[in-house]
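Colleague: Got a predicted structure plus its sequence, pasted below:
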Amino acid sequence: YDPKRPPSAQNFQEGISRLIATLMRLILPLALLLLVVYIGLIPLNFYQPFQNREVLIVYNLLLFAVIGLLVSATPVMDQPMSVVQERWLRRGLLTLAGLAVLISLYALSAIVYRTWNDGFTPNRVTVIGWNILNIALLLLLLVRQLRNRAETWLPTMYDTFALGAKAYLVWGVVVLLFIPWVFMWVQEPIN
């Protein structure tokens, strides 16, 4: 890291930046396998996140890990990659995003079910907002990638990530400032 250079002029092709990117790309096939197994096991344990709060928490933590993997496995700037590597990396990232949408919809249905039965709480409203935001960003990423050519996929990913960072910031402010204010006077869940 050179403190005299702006972030866009930093060298991400050596040191820890390169190591992290390489590790995340190596984790990508394992993450894809894990999500396929998750989706395969959903029918066998369909009601678990609907009835068990801890299982629902695991699903939501998994979704944040997927977002982190998408961001960290995406090449920074112009990292040298062969056309074949770039093609397979893009396919892997899009597959990961698609599988994450399926699991996000499942997790959202579980939290909405729990909210419908037990009422609104600050935690449930927060998780519903994060799930809706994650689904919207993943769908936007997929739509933008499918509409663009392979030559322009990286700038499109960067634009989507930048929009996502802004959306996460706005929702974070809402969670920290407005949700406690709304629920301040309520002692029990709002039905």
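Modeller: Noted; the coordinates are in hand. Just so it is clear, the model here is predicted, and its values are computed rather than measured.

Colleague: and P7, how far is that from L163?
Modeller: As for P7, its distance to L163 is 18 Å (criterion: CB to CB, to the nearest Å). Any C-beta I mention is one placed from the backbone N, CA and C, and that applies to glycine too.

Colleague: ditto for P49
Modeller: P49 is 28 Å from L163, where distance means CB to CB.

Colleague: So which residue is smack in the middle of this protein?
Modeller: What sits nearest the mean C-alpha location of the chain, by CA atoms, centre = their mean, is I67, with 2.7 Å.

Colleague: Settle this for me: it is touching N134, isn't it.
Modeller: Yes: applying CB atoms under 8 Å, one finds I67 in contact with N134, separated by 6.6 Å.

Colleague: shouldn't V112 be in contact with I128?
Modeller: Yes: with the criterion set as CB under 8 Å, V112 and I128 qualify as a contacting pair; they are 6.7 Å apart.

Colleague: shared neighbours, I67 and N134?
Modeller: Contact criterion CB atoms under 8 Å, 6 or more residues apart in numbering; residues shared by I67 and N134: A100.

Colleague: Between P7 and L163, which is the more surrounded one?
Modeller: L163 (15 against 7; other CB atoms under 10 Å).

Colleague: Are we agreed that the more buried one is in a helix?
Modeller: Yes: L163: assigned to a helix according to DSSP: H, G, I helix; E, B strand; the rest coil.

Colleague: what residue ranges in the chain score low on pLDDT?
Modeller: Residue ranges of the chain with pLDDT under 70: 1-2, 8-18, 77-80, 186-191.

Colleague: need the helices for it, in chain order.
Modeller: Taking DSSP state H to define them, one finds helices in the chain at 16-41, 48-51, 53-73, 83-118, 122-147, 153-173, 179-183.

Colleague: any chance of these in JSON lines, plus distance to P3?
Modeller: Written out in JSON lines, the entries for those read as follows (distance: least, CB to CB, whole Å):
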{"stretch": "helix 16-41", "distance to P3": "15"}
{"stretch": "helix 48-51", "distance to P3": "46"}
{"stretch": "helix 53-73", "distance to P3": "23"}
{"stretch": "helix 83-118", "distance to P3": "30"}
{"stretch": "helix 122-147", "distance to P3": "32"}
{"stretch": "helix 153-173", "distance to P3": "23"}
{"stretch": "helix 179-183", "distance to P3": "38"}
